[in-house]
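Enquirer: Build me a structure from this.
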Amino acid sequence: MRLRKGGYFWEIAMKLGVFEPTMTRWMRVELPEDKRREIEQVISEIAITKSQSE
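Expert: Numbers count the residues shown, from 1 in each chain. Okay, here's the model as predicted:
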């Protein structure tokens, strides 16, 4: 799955140190605030990295 900011689901999982199915399970329910922020931070980092390489 490609995200709007230009990254892939597997990239987020890899940076968080989990497997992609774990990410899928996390997305089934409302996440705790700290976990949500952590994921958003990783997405931003991936988006920045991708925008610099274009």
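
Enquirer: Any buried residues in whatever helix or strand T49 lives in, and which?
Expert: T49 belongs to helix 33-52 when elements are defined using DSSP states H and E. Neighbour-count burial for helix 33-52 flags I39, V42, I43, I46 (criterion: 16 or more other Cβ atoms under 10 Å). (Glycine included, C-beta is placed from N, CA and C.)

Enquirer: thinking the first one is in contact with I12, fair?
Expert: When you say that, I think you mean I39. Yes - counting by Cβ atoms under 8 Å, a contact exists between I39 and I12, whose distance comes to 6.5 Å.

Enquirer: Which strand or helix spans the closest residue to M23 other than its chain neighbours?
Expert: Closest residue to M23 apart from its sequence neighbours, by Cβ to Cβ, 6 or more residues apart in numbering: A13 at 4.6 Å. A13 belongs to helix 9-16 when assigned by DSSP H and E.

Enquirer: buried sites along that helix?
Expert: Within helix 9-16, the residues that qualify as buried are E11, I12, A13, K15, L16, counting by 16+ other Cβ under 10 Å.

Enquirer: Dump the C-alpha coordinates for the helix holding T49 into CSV.
Expert: Listed in CSV are the C-alpha atoms of helix 33-52, where the atom choice follows Å, rounded to 0.1, in the frame of the first residue of the first chain:
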residue,chain,number,x,y,z
GLU,A,33,-1.6,9.0,21.4
ASP,A,34,2.1,8.1,21.8
LYS,A,35,1.9,5.3,19.2
ARG,A,36,0.0,7.5,16.8
ARG,A,37,2.6,10.3,17.1
GLU,A,38,5.4,7.8,16.6
ILE,A,39,3.9,6.5,13.4
GLU,A,40,3.2,10.1,12.2
GLN,A,41,6.8,11.0,12.9
VAL,A,42,8.1,8.0,10.8
ILE,A,43,5.8,8.9,8.0
SER,A,44,7.1,12.5,8.0
GLU,A,45,10.7,11.3,8.0
ILE,A,46,10.0,9.0,5.0
ALA,A,47,8.3,11.8,3.1
ILE,A,48,11.2,14.2,3.7
THR,A,49,13.7,11.5,2.6
LYS,A,50,11.7,10.8,-0.6
SER,A,51,11.2,14.5,-1.4
GLN,A,52,15.0,15.1,-1.1
